[in-house]
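[1] Provide a 3D model corresponding to the input given below.
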Amino acid sequence: MKWNKIIAILGVTSLLMGLCGCAVNQAPETAEITKETVEVEEEARLIATSYATVQIFDLLDIDLIARAETARELSPKYAELPIVGTAMAPDAEAMLMMEPTNVIGPDTLIEEIKPKYDAAGLPYTFIDLQSIEGLYESVTMIGEAYGKAEEAAAIVADYEQSMEEFYASIADVEAPRVLVLMGLPGAYIGCTPNSYAGSLVEIAGATNVIQVDTEENFVSWNTEELMALDPDMILLTAHALPDMVMDMFTNEFATNDIWKNFRAVEEGHVYALDYTTFGMSATFNWTEAFDSLTEIFYEGTYESFIDEEE
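    Numbers count the residues shown, from 1 in each chain. Modelled structure (predicted):
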């Protein structure tokens, strides 16, 4: 079933610590847009600090006064807007000079960015983009806050109907148990269901073998611990520098003999995912990621990473 309707790294150690620091520890609280925090504004001056956030405003046809830098293609309405830094390093001083009524971005970076906003005296809201569910909840909240409730409801209804149809199509299919690994140059971590990639696996009807009792997004488990989970399939994605990461995974599977004892490796059920659709935050190209997962889980036509390299 197809769904097409619907950084430069400063150092491996610092990147891994930064990624695990905000994810392996308990996830931060999200400041949600609600009627209590944001009133409907007729002349809202809004800034979006991530690509996914801009996507939401685009779908709802809500104007922005500025946006974060992104290498991804934007609609003409937003492409020529003033740029106020990147998602990971927004320029609080530049934004303050624009006198925004709200600065909206993903909660994955709240621990690093919130102190900067507080110091500058900026109004801000962090939305949950760590899962597809959070993405659509954010659509609803933004729509209600900025006079686009009907449009938001239609987007959510379309999503819900599509999911109902999908689950009906796999009702009698045995879904696999899946291990998702996110790679960095020289290291990798396991994705829990609280991460975007990990949540996608479960939305696609499979079971994520890494289950935790906390709100951890990622775990640093050793190879022996991962092997004990006995996944049917292993999925590989990258936080950044995908070519370097996939070379790292190739070397890992070739030189670490423990991997040869994984049933998924023995059977060739190891798959490299597209870094652009299986990243850190949910975006509306999740449907492309979903197509890949359904092909892997239910159609058996996705090329194996192991076979590729042999």
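[2] who's the nearest residue to residue 303 once chain neighbours are set aside bridged to?
    Spatial nearest neighbour of residue 303, chain neighbours left out: residue 271 (7.7 Å); criterion: CB to CB, 6 or more residues apart in numbering. From N, CA and C alone the C-beta is placed, and that goes for glycine too. Beta bridges link residue 271 to residue 235 when assigned by DSSP bridges.
[3] And residue 271, how far from residue 125?
    In this view, residue 271 and residue 125 are 36 Å apart by CB to CB, to the nearest Å.
[4] hey, where'd the helices end up in the stretch 101-250 of the chain?
    Here the stretch 101-250 of the chain has its helices, by DSSP state H, counting those that start in this stretch, at 110-120, 132-145, 149-169, 196-203, 223-228, 242-255.
[5] Highest mean neighbour count out of those?
    Burial of these is given as mean neighbour count (mean count of other CB atoms under 10 Å); helix 196-203 ranks first at a mean of 24.
[6] circling back to that earlier point, any idea which of the helices of the stretch 101-250 of the chain gets closest to residue 302?
    Closest of the helices of the stretch 101-250 of the chain to residue 302 is helix 196-203, at 13.8 Å (criterion: CB to CB).
[7] Report all helices and strands that the longest strand anywhere in the chain contacts.
    Secondary structure of the chain per DSSP state E: the longest strand is strand 177-184. Strand 177-184 sits against helix 12-23, strand 187-191, helix 196-203, strand 207-208, strand 233-238, helix 242-255, with contacts defined as 3 or more CB pairs under 8 Å, 6 or more residues apart in numbering; DSSP states H and E.
[8] do that again at 6 Å, thanks
    Judged by 3 or more CB pairs under 6 Å, 6 or more residues apart in numbering; DSSP states H and E, the packing partners of strand 177-184 are strand 187-191, helix 196-203, strand 233-238, helix 242-255.
[9] Show the average pLDDT along stretch 148-161.
    Mean pLDDT, stretch 148-161: 96.
[10] Alpha carbons of it, as CSV, please.
    Extracted as CSV, the C-alpha positions of stretch 148-161 are listed here (Å, rounded to 0.1, in the frame of the first residue of the first chain):
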residue,chain,number,x,y,z
LYS,A,148,-7.4,27.4,11.1
ALA,A,149,-9.3,24.8,13.2
GLU,A,150,-11.4,23.5,10.3
GLU,A,151,-8.3,23.1,8.1
ALA,A,152,-6.5,21.3,10.9
ALA,A,153,-9.4,19.0,11.5
ALA,A,154,-9.6,18.0,7.9
ILE,A,155,-5.8,17.2,7.8
VAL,A,156,-6.2,15.0,10.9
ALA,A,157,-9.3,13.3,9.7
ASP,A,158,-7.5,12.4,6.4
TYR,A,159,-4.7,10.9,8.4
GLU,A,160,-7.0,8.9,10.7
GLN,A,161,-9.0,7.5,7.8
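[11] What are the contacting residues of that stretch?
    By CB atoms under 6 Å, 6 or more residues apart in numbering, the surrounding residues in contact with stretch 148-161 are 60, 136, 139, 140, 143.
[12] hmm, try it at 8 Å
    6, 59, 60, 61, 62, 136, 139, 140, 142, 143, 144 (CB atoms under 8 Å, 6 or more residues apart in numbering).
[13] Looks like residue 91 contacts residue 82 (just checking).
    No - between residue 91 and residue 82 there is no contact under CB atoms under 8 Å: 10.2 Å.
[14] Comparing these two, which residue is more hemmed in?
    A count of neighbours by other CB atoms under 10 Å puts residue 91 above the other of residue 91 and residue 82, at 18 against 12.
[15] how deep is the nearest residue to the more buried one once chain neighbours are set aside tucked in, by neighbour count?
    In space, and not counting its chain neighbours, residue 91 is closest to residue 85: 3.9 Å by CB to CB, 6+ apart. Residue 85 sits with 18 neighbouring residues when counted by other CB under 10 Å.
[16] Which of the helices of the stretch 101-250 of the chain sits closest to residue 263?
    Taking CB to CB, helix 223-228 is the member of these nearest to residue 263, at 9.0 Å.
[17] contacting residues around the closest one?
    Counting by CB under 8 Å, 6+ apart, 179, 190, 256, 258, 259, 261, 262 sit against helix 223-228.
[18] where does the third one land on pLDDT?
    What the model reports as pLDDT for residue 256 is 91.
[19] Quick one: residues contacting it.
    Contact analysis of residue 256 by CB under 8 Å, 6+ apart lists residue 223.
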